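**Q** Quick check, what structure comes out for this input:
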Amino acid sequence: MNIPVEIPGLDTMIPDVGEGRLVVVESGADAAKSFFVRRVALTAMRLEWPVTFVISRDRTELLGLLATEGGFAEPNGHLVIAEKESLRNLDEFTGRGGLVAVDSFSFLTLEMPAPDLARMLRHVREVCKQRGLTVLLGTDRGMLAPHAEAITAHMADGFLQFHTEEGPEGTVRFLRIPKWSGGKFVERNIYYDFDGERLAIDLRRRVL
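**A** Presented below is the predicted three-dimensional model:
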C-alpha cells in the first residue's frame, strides 16, 4: 500500500509515495520541505503505518507541529521520534517497517565521506525493496558538497525539489520533480504558496 499525497493539485502529478521506495525532498531555507515530510508522515499515521522520525532538531518542536497540523500530539504505537547528532546508517530505525522520515538528512550526514554515503544509501534502497519500507529524506540544498548531493539524488527513487527565487513582484516559489517512481518525471515548474500552515499549489503556468 502506498501513502497518498494529500496536497490538492500536487496529488494530480504525484498521487502517492510508493511503498518500498527511497524519496528525497530537497529545499533551501524554505520550510515547505519539512512541512511536506510531516504531511506524508501524518497521512501514514492515519493509515496506521508505523512512522519513525529521525531528526536533527528538538522533538518538542516536531511534536508541536504535528499536533497543530494533524492532531498527533504525543508519540504512540504508530509514532517514534529519535533525536540524533549524526548518522552512519539507518539500520536501528528500519526494524519497525512502515515509514522512516529523516530531517535533515544532509545535516546528520555532514561529515560522512562520499563513498560511505553511497554505500549507506545503496543499503537503504535494498532494505526498502526487501521489507516494503518507505524512507523519506529531507535535505538542505548547499549543505553537502556537490558530489554528495549528486549521490543522494542519484540513489533516490523519487526526487522532489522546493525552490524560491526573487521575481519582479517578490518571492516566487516552485517545485521541481526531476524523477519519481516508475521512471516518471514532471517537466514543468509547479508553483506554490506556503504560509507556514498550508501548502497551496498553483497549477497555472507562469514564466519567471
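
**Q** And the contacts of the longest helix that the chain contains?
**A** Longest helix in the chain by number of residues (criterion: DSSP state H): helix 114-131. Residues external to helix 114-131 that are found in contact with it (Cβ atoms under 8 Å, 6 or more residues apart in numbering): 20-22, 87-91, 94, 97, 109, 112, 133-135, 145, 147-148, 151-152, 155-157. (C-beta placed from N, C-alpha, C; glycine too.)

**Q** Check which residues of it are buried.
**A** Neighbour counts using 16 or more other Cβ atoms under 10 Å place 117-118, 120-121, 124-125, 127-128 of helix 114-131 among the buried residues.

**Q** next structured bit after the helix or strand Phe36 falls within?
**A** Using DSSP states H and E, Phe36 maps to helix 32-46. For helix 32-46, the succeeding helix or strand toward the C-terminus, using DSSP H and E, is strand 51-55.

**Q** any idea of the angle that following strand forms with helix 32-46?
**A** 150 degrees (axes from the mean of the first three to the mean of the last three Cα atoms, to 10 degrees).

**Q** elements contacting strand 51-55?
**A** Here strand 51-55 touches helix 32-46, strand 79-83, strand 99-103, going by 3 or more Cβ pairs under 8 Å, 6 or more residues apart in numbering; DSSP states H and E.

**Q** could I get these as JSON lines with mean neighbour count?
**A** What follows is the helices and strands packed on strand 51-55, written out as JSON lines (neighbours: other Cβ atoms under 10 Å):
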{"stretch": "helix 32-46", "mean neighbour count": "22"}
{"stretch": "strand 79-83", "mean neighbour count": "16"}
{"stretch": "strand 99-103", "mean neighbour count": "26"}
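
**Q** Could you export the ones you listed as a markdown table, including mean pLDDT?
**A** A markdown table is the format used below for those (pLDDT from 0 to 100):
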| stretch | mean pLDDT |
| --- | --- |
| helix 32-46 | 94 |
| strand 79-83 | 93 |
| strand 99-103 | 96 |
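
**Q** Okay then, goodbye and thanks.
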